[in-house]
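S.K.: Using only what follows, build the 3D model:
(one chain, ligands or ions: 2)
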Amino acid sequence: MSHKSAKDFFRPLAVGAPLPLREIPARPSRAIHFFDPSNEKMAAKIPGMIGTVDVLLGNLEDAVKADNKVAAREGLVKIAQATDFGPTQLWTRINALDSPWVLDDLTTLVPAIGEKLDVIMVPKVQGAEDIHYVDRLLAQLEAKAGITKPILIHAILETARGVANVEEICGASPRMQGLSLGPADLAADRKMKTTRVGGGHPGYLVRQDPPRDAEGNSQIDAQRAIFQQDLWHYTIAKMVDACATHGIYPYYGPFGDIADVVACEDQFRNAFLLGCVGTWSLHPKQIAIANRVFSPSVEDIAHARRVVAAMGDGTGAVMIDGKMEDDASLKQCLVLVALAEQLAEIDPELKKTYDAIEVTA
Ligand SMILES: CC(C)(COP(=O)(O)OP(=O)(O)OC[C@H]1O[C@@H](n2cnc3c(N)ncnc32)[C@H](O)[C@@H]1OP(=O)(O)O)[C@@H](O)C(=O)NCCC(=O)NCCSC(=O)C[C@H](O)C(=O)O
Ligand SMILES: [Mg+2]
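M.R.: Numbers count the residues shown, from 1 in each chain. Ligands and ions are numbered 1, 2, ... in the order given. As a prediction, the model looks like this:
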């Protein structure tokens with residue numbers, strides 16, 4: 001945990017820096033869309049994507065060639081200064097804390113576009129000490145530049161040590177906005193044997209028990225069903241618990257098989273059902289998938305509203321469609337209703353869809 005006492009936790013870490021937030025706002029962030037600001041074709045598409053995606057993230061780390069690091073940083077400054085992002089948040093992913101680029105990333109971005117940057121994603125976070133370093137540096141830079149709102153920090157969970165320290169990372173600073181899974185770096189660091197960027201693996205499975213013959217012998221060569229398992233279940237569940245404990249937000253990460261939109265949707269939905277609020281999008285075609293998956297369905301909202309209406313003061317138990325509903329299931333329904341309300345505020349199409357739902361008795 002942080003070395004700070006409770007009363008010091010919400011004091012600025014530099015004289016003149018903005019006051020830390022006491023609550024992290026629940027802003028819709030179904031898709032965090034990555035673009036390389038040094039790639040002219042991608043950069044040209046960014047203004048047209050505003051309003052169609054919840055978060056645009058100018059990526060400076062992996063996937064940007066070493067020779068393009070400076071161009072990416074300068075490109076992001078140029079785009080941010082020239083663009084009104086309206087309802088879309090602007091995030092960046094800086095280079096790793098042990099890289100030769102990160103200091104220039106922070107000392108360039110905060111004075112130039114600090115007022116526009118909502119969140120800085122920090123890769124390969126190992127423990128609270130990494131967050132403390134960025135926290136203090138951001139406070140100094142914000143104070144110097146006269147930034148009026150604190151820039152939030154999002155950590156990527158992509159080392160075994162980071163996963164082991166996930167609780168202390170989440171609680172390291174009032175700037176902590178959330179966590180994402182970094183399955184590719186995490187797989188490498190853990191020496192997992194998958195070469196895929198996120199998603200499942202056909203070798204990670206459970207096989208149905210063998211049938212037995214009349215004498216009770218196992219028929220191991222018989223046809224048996226196999227059930228592919230999710231390589232990321234443990235880490236996502238751990239991340240969700242740590243984030244919920246600290247009042248911050250969990251996200252899935254990248255799904256590298258851009259062409260496999262079906263498996264991408266499955267992976268995103270698993271994360272949504274487990275408690276994640278959003279995911280990364282690496283290619284424009286993944287934005288629509290994320291927006292769809294991370295918005296509650298019409299059926300879920302119709303059911304949730306029925307439960308809310310039927311539960312009156314929120315206590316006791318009722319039967320709806322043959323199923324028991326009580327105080328606890330009401331809370332589950334309120335999670336979905338609250339999310340639908342937040343999304344409706346920024347997504348007019350979704351608002352129309354949710355407004356059209358009739359609540360039956
Ligand atoms: C994955 C890509 C390299 C694919 O690019 P490309 O082959 O150019 O795709 P298309 O030909 O289908 O592109 C069609 C047009 O769309 C534009 N485009 C492509 N991607 C984007 C984008 N992200 N944002 C905006 N526009 C985009 C192309 O320029 C084409 O335009 P046009 O020719 O005018 O029609 C590429 O999508 C890509 O580089 N994506 C981002 C990759 C990335 O950010 N990777 C890092 C995050 S994942 C990671 O770091 C791992 C993680 O940390 C971990 O450890 O797990
Ligand atoms: Mg990574």
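S.K.: And the residue of this structure that's closest to ligand 2?
M.R.: Relative to ligand 2, the nearest point of the chain is Asp185 (3.6 Å; CB to the ion). Backbone N, C-alpha and C define where each C-beta goes, glycine included.
S.K.: Was I right to think that residue contacts Lys124?
M.R.: Yes: the pair Asp185 and Lys124 passes the contact test of CB atoms under 8 Å, sitting 6.4 Å apart.
S.K.: So for the helix or strand where the residue of the chain closest to ligand 2 lies, mean pLDDT?
M.R.: For Asp185, the host element (DSSP states H and E) is helix 183-190. Mean pLDDT, helix 183-190: 98.
S.K.: List the contacts of that helix.
M.R.: Residues from elsewhere that reach helix 183-190, judged by CB atoms under 8 Å, 6 or more residues apart in numbering: 62, 123-124, 156-160, 162-163, 192, 194, 196-199, 231-232, 235, 253-254, 256.
S.K.: Count the neighbours of Tyr354 for me.
M.R.: Per other CB atoms under 10 Å, the neighbour tally for Tyr354 reads 20.
S.K.: Let's see the pLDDT reported for it.
M.R.: For Tyr354, pLDDT reads 97.
S.K.: For it, give me its contacts.
M.R.: Val298, Ile301, Ala340, Ala344.
S.K.: Is it part of a helix or strand, or is it coil?
M.R.: Here Tyr354 is recorded as helix under DSSP: H, G, I helix; E, B strand; the rest coil.
S.K.: Helix, strand or coil: sort out Lys78 for me.
M.R.: The three-state label given to Lys78 by three-state DSSP is helix.
S.K.: For it, list the residues it contacts.
M.R.: Contact analysis of Lys78 by CB under 8 Å, 6+ apart lists Pro37.
S.K.: returning to what we had before: between Asp185 and Lys124, which has more neighbouring residues?
M.R.: Lys124 (23 against 20).
S.K.: Please report how far the more buried one lies from Leu137.
M.R.: 17 Å (CB to CB, to the nearest Å).
S.K.: can you check Ala244 too?
M.R.: Ala244 sits 28 Å away from Leu137, taking CB to CB as the criterion.
S.K.: Give me the more crowded residue out of these two.
M.R.: Neighbour count, other CB under 10 Å: between Ala244 and Leu137, Leu137 has more, with 17 against 13.
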